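# With the input below, show me the fold.
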Amino acid sequence: MSRFLQTAGSDDSSSESESADDESDSDGDAAQPQKKVSRSRPDQEDDSEDEDDVKRIVKSAKDKRLEEMEGTGKAIDNALKINHWVAISNEFDKLVHLAQRQTNVAERIPDFYIRTLSGLEDSLNSAIAKEKEATKK
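The predicted model follows:
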């Protein structure tokens, strides 16, 4: 029975037991949101700890373009070492595209681009010479 509907002359012992039940229900309801909060708080603390451990490095667009060009040049060098001309061709196309983007933003072409092209030309000439010798035999 609800405590609001109880009359003044009703039994006190039953009201005490009902009020004890009401208190336990209200305590149970109050305890559940606290558990949810306590579960989310450690997650928030963990996120802040992760952010402290890992430092984000902010790079400019120019630096990102240069690093991408350097990576492509290294990929060409690695493909030259194993004589993988399909990969060299793909990476060369990518490198030319990156160089074109570099000139579109009015920045100079880096020196390693020129070195990569000259090394690629030397490797191509030597590969062609080897192929000519192989066909003569």
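
# Give me the neighbour count for residue 97.
By other C-beta atoms under 10 Å, the residues close to residue 97 number 11. From N, CA and C alone the C-beta is placed, and that goes for glycine too.

# what's the helix or strand for it?
helix 85-104 (DSSP states H and E).

# Please pull up the helix or strand immediately following that helix.
Criterion used, DSSP H and E; the element after helix 85-104 is helix 111-136.

# which residues sit against the helix holding residue 97?
The contact list for helix 85-104 (C-beta atoms under 8 Å, 6 or more residues apart in numbering) reads 65, 68-69, 72-73, 75-76, 79-80, 108-110, 113, 116, 120, 127.

# Put the buried members of the residues you listed into a PyMOL selection.
Here is the PyMOL selection string for the buried members of the contacts of helix 85-104, based on 16 or more other C-beta atoms under 10 Å:
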select buried, resi 65+69+72+73+75+76+79+80+110+113+116+120
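
# check contacts around residue 123.
Residue 123 touches residue 80, counting by C-beta under 8 Å, 6+ apart.

# Restricting to C-alpha, output stretch 101-108 in CSV.
Provided in CSV are the C-alpha atoms of stretch 101-108 (Å, rounded to 0.1, in the frame of the first residue of the first chain):
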residue,chain,number,x,y,z
ARG,A,101,51.7,19.4,-57.0
GLN,A,102,54.8,20.9,-55.5
THR,A,103,55.0,23.4,-58.4
ASN,A,104,51.3,24.1,-58.2
VAL,A,105,51.7,25.5,-54.7
ALA,A,106,54.7,27.6,-55.9
GLU,A,107,57.3,25.7,-53.9
ARG,A,108,60.7,24.7,-55.3
